[in-house]
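**Q** Return atomic coordinates for the entry below.
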Amino acid sequence: MITELDVRHVAGHHGGPALLLPVEPRHGLRARDFAELERWALSLTYG
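**A** Predicted coordinates:
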C-alpha cells in the first residue's frame with residue numbers, strides 16, 4: 001500500500017521522475033506491472 005507519507009517522501013527526496021507502483025508481495029511483479037512500468041517510462045520526456 002502506498003500512502004500519502006510515501007508520496008511526500010519521494011517528492012521531498014527524489015529529484016527526478018518517480019513512479020510509486022504498488023506490488024502484491026505474494027506475487028511480485030506481474031505482466032500488468034511491467035506494462036504499467038513501460039507506459040510510464042515511455043511517457044517521460046527528456047530534454
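
**Q** helix, strand or coil for residue 9?
**A** When states are read from DSSP: H, G, I helix; E, B strand; the rest coil, the local structure at residue 9 comes out as helix.

**Q** Number of residues surrounding it?
**A** Applying the criterion other Cβ atoms under 10 Å, we find 12 residues in the vicinity of residue 9. In short, each C-beta sits where N, CA and C put it, glycine included.

**Q** quick one, what contacts the residue most central in space within the chain?
**A** Among the residues of the chain, the smallest C-alpha distance to the mean C-alpha position (Cα atoms, centre = their mean) belongs to residue 19, namely 2.3 Å. Contacts for residue 19 (Cβ atoms under 8 Å, 6 or more residues apart in numbering) come out as 36, 37, 40.

**Q** if we go to 7 Å?
**A** Taking Cβ atoms under 7 Å, 6 or more residues apart in numbering as the criterion, residue 19 is in contact with residue 40.

**Q** Report the residue spans of the chain with pLDDT below the cut-off.
**A** Within the chain, the stretches with pLDDT under 70 are 47.

**Q** Show me the contact partners of the helix or strand hosting residue 36.
**A** Using DSSP states H and E, the element containing residue 36 is helix 31-43. Contacts of helix 31-43 from elsewhere in the structure, counted by Cβ under 7 Å, 6+ apart, are 19, 21, 23.

**Q** The first one sits in which helix or strand?
**A** Read it as residue 19. Residue 19 belongs to no helix or strand when assigned by DSSP H and E.

**Q** so how far is residue 31 from it?
**A** Distance check for residue 19 against residue 31: by Cβ to Cβ, to the nearest Å, it reads 17 Å.

**Q** Equivalent analysis for the last one, please.
**A** Here the distance between residue 23 and residue 31 works out to 13 Å (Cβ to Cβ).

**Q** which one of these two has more residues nearby?
**A** For the pair residue 23 and residue 31, the greater number of neighbours falls to residue 23 (11 against 7), based on other Cβ under 10 Å.

**Q** I'm done for today, thanks for sticking with me.
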